[in-house]
Structures are given as C-alpha cells and as structure tokens.
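Peer 1: Got a predicted model here, sequence first, then my questions.
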Amino acid sequence: EPEVTQTPSHQVTQMGQEVILRCVPISNHLYFYWYRQILGQKVEFLVSFYNNEISEKSEIFDDQFSVERPDGSNFTLKIRSTKLEDSAMYFCASTERETQYFGPGTRLLVL
Amino acid sequence: AQTVTQSQPEMSVQEAETVTLSCTYDTSESDYYLFWYKQPPSRQMILVIRQEAYKQQNATENRFSVNFQKAAKSFSLKISDSQLGDAAMYFCAYRSVPNTGNQFYFGTGTSLTVIP
C-alpha cells in the first residue's frame, strides 16, 4: 500500500540555522500539507499546497517558513532561521479526496 | 474556525473489553467529514474510521465503530474486544467538505492504555 514518507526521522539543529524537512507524498495525490505537533499538544495545521502554490496557511506559517515542490515527487518545508519554539514533530500529509494520509514525521529539536 | 474537543486526556481498558472515546466539535457547516486517527508510539498517524456528516448511518470498521450524533455535534469512537495493539493516542479530526484541500482540525487527543 502506498505511503507518505519523510526524511530525516530526527533532526537536531542550532538556533538560527536553516532546516529543510523532506516529504514524498503518495504519487497520485494532488494536495499536500504540513502539520506540526509540539510535544504533548495537539496537531496544528501549517500549510496546504496544490498545483504548485500555497492554497491555505495558518498564522503559525510566517515568513520564516516556506514550502516547495522542487520536482515531481518531493515536497519540502524550509524553516529559515530556527527558534527554540520550532522544536516539534512535523508531519507531512497528502490527499486525493477527503482523507489525508500522514507520514511518520520528522522530530526537530532546536538547541 | 471549527474546534474539536476531546475531554478525556487518558483512558484505560481491560483487554477484550469495550471502550468509548469521546469527541465533540463546533461548526456552523451542515456538511463535513469526521475522522478518528490512531497514533501509536511509532508516531505515524493512521486512519481508523471516517464519517460523512450527510450519512445518518454510523460508520463501522471491524472492531471500531462510531456514534455520530449530528445535532449534538458528538462523534465518539467505540473499540470492541480491545487488543494490546490498540494502545495509542487517538485523535478526532474535522474537515470541511467543499474544498478537497481543506485543512484538518484536530482534537488534543486521548491516550488509550490497554491492560492485559
């Protein structure tokens, strides 16, 4: 069964550094998402992406964040200058219709 | 914005018994989707069951079933014959209908422990 995959599984970075989180959505899906989950808190929507552009974003998704689909398979989330509060699990998801399928997540730790 | 509330941060159930996890939501929309996702310790969220609001019949998937009360905006998950592998965090989620790209709104989750 097709799955959403994410790399890396864990990332440790210094505050102020840039990180790129990578996702490979399910191949025939057209809508892509990033969510984050701070430890012990709910899963929060960051951004959705369709037809090579952002279709919706939350107030969390400020100028330090960007998304890109650099080729036909990858979907990336870039955090330009990481802050301590960016430490979280980041989930990628994709959908063809009403159900979103989630990747295993990238645990980001900002020191 | 829609809100999803899970009032039980933790629940436990004896193996082979039945447990019900609660979820309520707030919306002004008449049509939408509701989901239950399971997040085991491996952290990947897995779809458990899905309900379309326009369908009156409660969704069922093997040992998992829902009690969807649209007027009360309630969407509880019943797990029958609980198994050790059911131990996980369970999230209730809401999605609007009109746009396929609409985001999910999640509850805060219920941590389910299954006691052998």
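Peer 2: All right, it came through fine. Predicted model only: the values in this text are computed from it and were never measured. Numbers count the residues shown, from 1 in each chain, chains lettered A, B, ... in the order given.
Peer 1: any idea which element the spatially most central residue of chain B lies in?
Peer 2: In chain B, the C-alpha closest to the average C-alpha coordinate belongs to residue B:36, at a distance of 3.1 Å (Cα atoms, centre = their mean). Using DSSP states H and E, residue B:36 falls within strand B:32-39.
Peer 1: Tell me which residues of stretch A:61-71 come out buried.
Peer 2: Within stretch A:61-71, the residues that qualify as buried by neighbour count (16 or more other Cβ atoms under 10 Å in any protein chain shown) are A:61, A:65, A:67, A:69. Placement of C-beta: from N, CA and C, glycine included.
Peer 1: Mind checking what secondary structure the first one has?
Peer 2: This means residue A:61. coil (DSSP: H, G, I helix; E, B strand; the rest coil).
Peer 1: outside of stretch A:7-26, which residues touch it?
Peer 2: With contact meaning Cβ atoms under 8 Å, 6 or more residues apart in numbering or on different chains, stretch A:7-26 is reached by A:2-6, A:32, A:34, A:73-84, A:90, A:92-94, A:96, A:101, A:103-111.
Peer 1: actually stretch B:56-67, not the one I typed
Peer 2: In contact with stretch B:56-67 (Cβ under 8 Å, 6+ apart) are residues B:20, B:34, B:36, B:48-51, B:68, B:70, B:74-83.
Peer 1: and what of stretch A:54-61?
Peer 2: A:31, A:36, A:44-49, A:67, B:99, B:101-103.
Peer 1: Of those residues, which pair is most distant in space?
Peer 2: In the contacts of stretch A:54-61, two members sit farther apart than any others by Cβ to Cβ. They are A:36 and B:99, at 21.6 Å.
Peer 1: Which of the two has more residues huddled nearby?
Peer 2: residue A:36 (24 against 13; other Cβ atoms under 10 Å in any protein chain shown).
Peer 1: isn't that one right next to residue A:89, touching?
Peer 2: Yes: judged on Cβ atoms under 8 Å, residue A:36 makes contact with residue A:89 at a distance of 6.8 Å.
Peer 1: Could I get the full set of strands for chain B?
Peer 2: For chain B, strands defined by DSSP state E occupy the ranges B:3-5, B:10-14, B:19-21, B:24-26, B:32-39, B:46-52, B:60-61, B:64-69, B:74-79, B:88-96, B:105-106, B:110-115.
Peer 1: What residues does chain B have near chain A?
Peer 2: B:33, B:35, B:37, B:42-47, B:50, B:52, B:91, B:95, B:97, B:99-109 (Cβ under 8 Å from any Cβ of the partner chain).
Peer 1: Can you say which of these are buried?
Peer 2: B:33, B:35, B:37, B:43-45, B:50, B:91, B:95, B:100-109.
Peer 1: Output the below-cut-off pLDDT ranges for chain B.
Peer 2: The model of chain B has pLDDT under 70 over residues B:1, B:42, B:98-101.
Peer 1: Thanks again, I'm all set now.
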